[in-house]
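Enquirer: Predicted model, plus sequence, below.
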Amino acid sequence: MQKMRDLLIHWNNQFPFDRVYRQKHNIAFGSEEHRRVNQIDVYNDILEDKLFDKFCENLVERRKMEEAYKKDGILNQEANKALEQSLEDVFDNMDITELNSNKDG
């Protein structure tokens, strides 16, 4: 039993995407079908899924930004918040006593 456990640990360390691929395609570990699987194909399959997920996330974010722009005229809400915060920081750090001093003459 310990040897099988060690084999599984070694296999999953060596091929980290193999289990995800097998779960996705309902392939049992060590089965004939599993022994025919090429790990390069496994990697490409997982990479394709990740790229597609990232594309979908970007598409959703872009649609949110377009909706915010149409609604509020704000192109990027995060950039707008950062600008507002930096302006608040400028005013918070301003020494208003210098405004009343007459250094020009």
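Expert: Arrived safely, thanks for sending.
Enquirer: For the rest of this, base every contact and every neighbour count on C-alpha atoms.
Expert: Fine.
Enquirer: Helix or strand: which one has the spatially most central residue of the chain?
Expert: In the chain, the C-alpha closest to the average C-alpha coordinate belongs to Lys54, at a distance of 7.4 Å (Cα atoms, centre = their mean). According to DSSP states H and E, Lys54 maps onto helix 39-72.
Enquirer: cool, Met4 as well?
Expert: Element membership of Met4, judged by DSSP H and E, is helix 2-14.
Enquirer: tell me the mean pLDDT for that helix?
Expert: Mean pLDDT, computed over helix 2-14, is 93.
Enquirer: starting at the chain centroid, how far to the next helix or strand after it?
Expert: As assigned by DSSP H and E, the chain's next helix or strand after helix 2-14 is helix 18-25. Centroid separation for helix 18-25 versus its chain: 22 Å, with Cα atoms, centre = their mean, to the nearest Å.
Enquirer: can you list contacts of helix 18-25?
Expert: Residues from elsewhere that reach helix 18-25, judged by Cα atoms under 8 Å, 6 or more residues apart in numbering: 12, 28-29, 34, 39, 42, 45-46.
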